[in-house]
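> Need the 3D shape of this:
(2 chains)
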Amino acid sequence: MAFLPLSTPARRIGALLAATGLVAAGLLASGVLERSAVARDVETPLTPEAMKALAPQGAKVAAAADCFACHTARGGAPWAGGLPLETPFGIIHATNISPSAEGIGGWSRAAFHRAIRDGIAPGGRHLYPAMPYTSYRGLSPEDVDALYAYLMTRPPVAVANKANTLPFPFDQRWTLAAWNFLNLPAEVAEPDPARSPLWNRGRYVAEALGHCGECHTPRNALQAMRSGAALQGAVIEGIEAPDITPSGLRRMGFEPHGLARFMAKGLSPQGGATHQMFDVVHFSTQHMDAADLAALSAYLFDRDALPAEPETPPAPAPAAVPQAVSLRARATYAGLCAGCHGQAGEGIPHVSVPLRTNTAMRVANPGGLLRAILVGLPAQRFPGHERMEAMPPFAALIDDAALADLATWMRAEWGGQDKAVTPEAVARQREGLRADASH
Amino acid sequence: MSAAIEIRDLTLRVNGEPVGPIPVPVGTSLLDVLHEWLGLTGSRMGCGQGICHACTVMLDEETGPREMRTCITGAHWFEGKSIRTVEGHARTEPDGTVVLSPVQQAFVENFAFQCGYCTPGFVTGASVLIETLKRKPVRRDEVERVVTDALDPHICRCTGYVRYHQAVRDLVLATPGLTIA
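As a prediction, the model looks like this:
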């Protein structure tokens, strides 16, 4: 999901946006700054036969592009929208994209193309970049046609769109023309002839369809993805969307085959997909073709082909921890953690994930680990009738100093992280997180 | 981690009595210590994964009792702490009469349990609730919610939930001091 990182003060962005908006207002009003990626030939409507033939491919595109995760509220009617997306600027509600009057029932083929690839809905209404049109801009016209055919053949649902709660100036959609001018790429990536078809397909899957960068690429002051830091990781809602460049993936312990398996299953020695990544696996990647997952993995590891054998990176060497810290941490671990995660952090199949090979120990930001320990995790169902049990919240059982020791020791012992987690960092994490007592 | 099993002395209070120091391998669950070292077999090993809550005991803290799962919590974590197991709820009169705790009595009167496997956990969970309400009463219209919150984590394979919940609801409403108008 785009537009989420909270690291930059909204006020600063507001000032920037407003200033940019004022300067460009005249130009914007004239519309000359809008650059469409959509070719004229989509003005011709698709025949009913073509729509019918394209719809099955559209289902695959919808899954790979993860449209459902945002455009269906939890417990809501399929494609009827309503999911609230919390952004630094306010709440944006995903819209109804079923073919009803409230949804996209009246949209032409060309209008749909412009919304997906230019971020502009019928009537010139600018979409918020929470809808990842910056990434979808790279979708092929064929895939957009297929997606259109699929969505237009879903059952129409008469559910009105919910109003967004964005304060001025963020409720001024016209300002997004300036944002688009600055941040929307003019050119769409062409296949690189120097690379294999697998790599090129992987790039398309990762960058356009899967829009990985919307979470994993850090954002600038305007909340646009920093192209120079693509996929190098970002912090979203206090949790790290980790670095998924080849070196970042290897640091977490992934290798190309294992990564493709993780995207299909949601589980790996590196742990289970949690938070937003759980939704990604649940709604999107588990439904993707094995060939596309292989391509995705090849691209993310920057390989033209997957290696013949798994190339599991060696476990990081443990970092040194003061003995007092290690003693206290081991006692806490044996008391509260080992019952489910094993004496040596090996985990229990179908119950709890391993910790000694877990990404939470290896990523730079300890936020995800601290949050999981403090508030717990829900029981999760994974593809193939796999499941992991709920993790209870430990906020009431561990004080800041003890949790700092525990996190420091686990991350040093299993993740090779030599930067100590401080009690102050734990206290900050604890703030705002309320233990869910219902576990 | 290391091949040799580390053994450490454990000292705690169980049902008001001091226990230990007893040598216990690090990594032993409290449930195993209760069963194998102390002969207190009332707390049940159910799922062994912290899900079913048949193994819970009361951990007494300054702020009141807390329910702890003994199957997933290491015995040494309880070093120096004070716990109450299901064996600690009823009392025996000088003439030998056994007097059940109000929670136990309510479960009997409501025919709450069938096979009884989950009962120690339900007794523990309900007793923690009763003692919590003594310190912090709730409005009568909140009783339904607090009872549900307290008993929800407990799994009963005989599906006796309705009578368990009914028993605790009735007890809370009938006991002076647990509710406020």
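
> quick one: buried residues of stretch B:5-16?
In terms of neighbour count (16 or more other Cβ atoms under 10 Å in any protein chain shown), stretch B:5-16 has its buried residues at B:8, B:10, B:12-15. Yep, even glycine has a C-beta here, placed from its N, CA and C like the rest.

> and these as a markdown table, adding secondary structure, pLDDT and distance to chain A?
Formatted as a markdown table, the buried residues of stretch B:5-16 follow (DSSP: H, G, I helix; E, B strand; the rest coil; pLDDT from 0 to 100; distance: Cβ to the nearest Cβ, whole Å):
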| residue | secondary structure | pLDDT | distance to chain A |
| --- | --- | --- | --- |
| B:8 | strand | 95 | 9 |
| B:10 | strand | 97 | 11 |
| B:12 | strand | 97 | 12 |
| B:13 | strand | 97 | 17 |
| B:14 | strand | 98 | 17 |
| B:15 | coil | 97 | 21 |
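
> where's the closest residue to residue A:293 other than its chain neighbours relative to residue A:287, distance?
Residue nearest to residue A:293 in three dimensions, not counting chain neighbours: residue A:260, with 4.4 Å by Cβ to Cβ, 6 or more residues apart in numbering or on different chains. To residue A:287, residue A:260 is 14 Å away according to Cβ to Cβ, to the nearest Å.

> same check, this time on residue A:298
Residue A:298 is 19 Å from residue A:287, by Cβ to Cβ.

> the more surrounded of these two?
Between residue A:298 and residue A:287, counted using other Cβ atoms under 10 Å in any protein chain shown, the more crowded position is residue A:298 (27 against 17).

> Could you pull up the contacting residues of that one?
Residue A:298 makes contact with A:196, A:198-199, A:202, A:256, A:304-306, according to Cβ atoms under 8 Å, 6 or more residues apart in numbering or on different chains.

> Distance of it relative to residue A:204?
From residue A:298 across to residue A:204, the span is 12 Å (Cβ to Cβ).

> likewise residue A:149?
19 Å.

> just residue A:255 next, same as before
Using Cβ to Cβ, residue A:255 is found at 22 Å from residue A:204.

> repeat for residue B:114
With distances taken as Cβ to Cβ, residue B:114 is found 59 Å from residue A:204.

> any idea how chain B splits into domains?
Domain segmentation of chain B under automatic domain parsing yields B:7-88, B:91-180.

> Kindly reformat those as a markdown table containing distance to residue A:191.
Formatted as a markdown table, the domains of chain B follow (distance: least, Cβ to Cβ, whole Å):
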| stretch | distance to residue A:191 |
| --- | --- |
| domain B:7-88 | 49 |
| domain B:91-180 | 54 |
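
> How are the strands of chain B distributed by residue range?
Counting by DSSP state E, one finds strands in chain B at the ranges B:7-14, B:17-25, B:56-61, B:64-69, B:82-84, B:91-92, B:98-99, B:138-139, B:179-180.

> Quickly compare those strands and say which is most buried.
strand B:56-61 (a mean of 22; mean count of other Cβ atoms under 10 Å in any protein chain shown).

> How many neighbouring residues does whichever residue of chain B sits closest to chain A have?
Going by Cβ to the nearest Cβ, chain A is nearest to residue B:77 of chain B, at 2.7 Å. By other Cβ under 10 Å, the residues close to residue B:77 number 22.

> my guess is it contacts residue A:337, does it?
No - taking contacts as Cβ atoms under 8 Å, residue B:77 lies outside contact range of residue A:337: 10.1 Å.

> Tell me who's in contact with residue B:116.
Applying Cβ under 8 Å, 6+ apart, no residues contact residue B:116.

> next one: residue A:320
A:412, A:418.

> swap in residue A:91?
Going by Cβ under 8 Å, 6+ apart, residue A:91 touches A:84-85, A:164-166.
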